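Enquirer: just coords:
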């Protein structure tokens, strides 16, 4: 008869269903052997499935390589009397946690300033792998801005952790750093919050320029807006290299529409202010003098049309006139007129007369040369200056010689023949015979 080999009963591991372990614990080792009653030298251990660990075939000790699941088999080899016997157990290796931390840094920044905050893994060289974090080649910490749903994004994070802010946006930004998972470690994250605030400065700028009078509201030369010390000035507060910042802004455009919003950038920190509004009233500029100056006389004597080609003659009468000028920017404020005698009469100097606007022309009040109560003869020229509100002036000197004559005019007409004319039934002329 044939005697069959017997089967070995009772071959099993001490821990049939071990609890999961975590990578990087217990020196990354795990031991589970078969129960007593079998000769250890006859037992061989192997990995039936999984690649997260290796096993010592003689001792059954596992060396953990990474997270995963491994099936370990123990084998009692066939003998003359017994068939081969095997037993298995399954072990799960969970990923370890890793930690990253942001460097300590002030969590408030002014608009315009750059902001970078680096997150680094927390290393622990005493751990079995000597690191304590994902150190795979090429692995880096990445950054992102977390924006709640429905809220506007006003910053993005670059690869190196530097924040790029959107134009004209302030508020609070939450930044998240991520160190990715690998076969051994769970993903690690860290966050920080930074507040972007408005930047304002005292005495942000000064305005300078030529004025004829400190109390004048008009400039008569280019206007310069100069920022406070250690600052630059610009016309927008846009971020980036496209914005133009300068040491001053010069205004040369005449008129009353030069008002603007200006912004200031701190040279040392990069902080940029919100808008400072400079009103047009503060930047009124008129560099042009009045033009088209004229004198208009009131005439009263019948013979003035004859004298008009060389003089304005007045018999027993004061000289009445007005001055005119045009000014397209600030307008004519007043005139100053003078009389310069030529032979006789008293000089008149810088008599000031205010101007009023009439159909685009500025006209003086009526001016009088001579004293009706004490009329004296005079001869000379009238000149005047027209001043605009900015203090610009133009001079006008009349080409006419003005004459006040207190003696009546004498008309003497001599003819060589007796005219044949009768006036009011009378002969108006005396006849004188020629010698």
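Expert: Structure received. Only a predicted model underlies this, so the values are computations on that prediction, with no experimental measurement involved.

Enquirer: ranges for the strands of the stretch 301-435 of the chain?
Expert: Applying DSSP state E, counting those that start in this stretch to the stretch 301-435 of the chain gives strands spanning 311-315, 319-326, 332-344, 348-358, 361-364, 367-369, 378-388, 393-397, 401-405.

Enquirer: Lowest average pLDDT across the ones you listed?
Expert: Among these, strand 311-315 has the lowest mean pLDDT, at a mean of 61.

Enquirer: where are the low-confidence patches of the stretch 201-350 of the chain?
Expert: 299-316 (pLDDT under 70).

Enquirer: Can I get the strands of the stretch 301-435 of the chain in a markdown table including mean neighbour count and distance to residue 116?
Expert: Placement of C-beta: from N, CA and C, glycine included. A markdown table is the format used below for those (neighbours: other C-beta atoms under 10 Å; distance: least, C-beta to C-beta, whole Å):
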| stretch | mean neighbour count | distance to residue 116 |
| --- | --- | --- |
| strand 311-315 | 20 | 83 |
| strand 319-326 | 20 | 61 |
| strand 332-344 | 18 | 59 |
| strand 348-358 | 13 | 62 |
| strand 361-364 | 20 | 63 |
| strand 367-369 | 17 | 75 |
| strand 378-388 | 22 | 56 |
| strand 393-397 | 16 | 60 |
| strand 401-405 | 20 | 82 |
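
Enquirer: Nearest to residue 48, out of those?
Expert: strand 378-388 (104.0 Å; C-beta to C-beta).

Enquirer: tell me the contacts of residue 342?
Expert: 379-381, 401 (C-beta atoms under 8 Å, 6 or more residues apart in numbering).

Enquirer: Residue 27 in helix, strand or coil?
Expert: Of the three states, residue 27 takes helix under DSSP: H, G, I helix; E, B strand; the rest coil.

Enquirer: what's the burial count for it?
Expert: 10 (other C-beta atoms under 10 Å).

Enquirer: and if you look at residue 58?
Expert: Residues near residue 58, counting by other C-beta under 10 Å, number 11.

Enquirer: So it versus residue 351, what's the distance?
Expert: For residue 58, the distance to residue 351 (C-beta to C-beta, to the nearest Å) stands at 127 Å.

Enquirer: what's the answer for residue 90, then?
Expert: The gap separating residue 90 from residue 351 is 117 Å, by C-beta to C-beta.

Enquirer: how far is stretch 51-66 from where the chain is centred?
Expert: Distance of stretch 51-66 from the chain centroid (C-alpha atoms, centre = their mean, to the nearest Å) equals 65 Å.

Enquirer: Stretch 80-93: how far from the chain's middle?
Expert: The answer for stretch 80-93 is 77 Å, by C-alpha atoms, centre = their mean.
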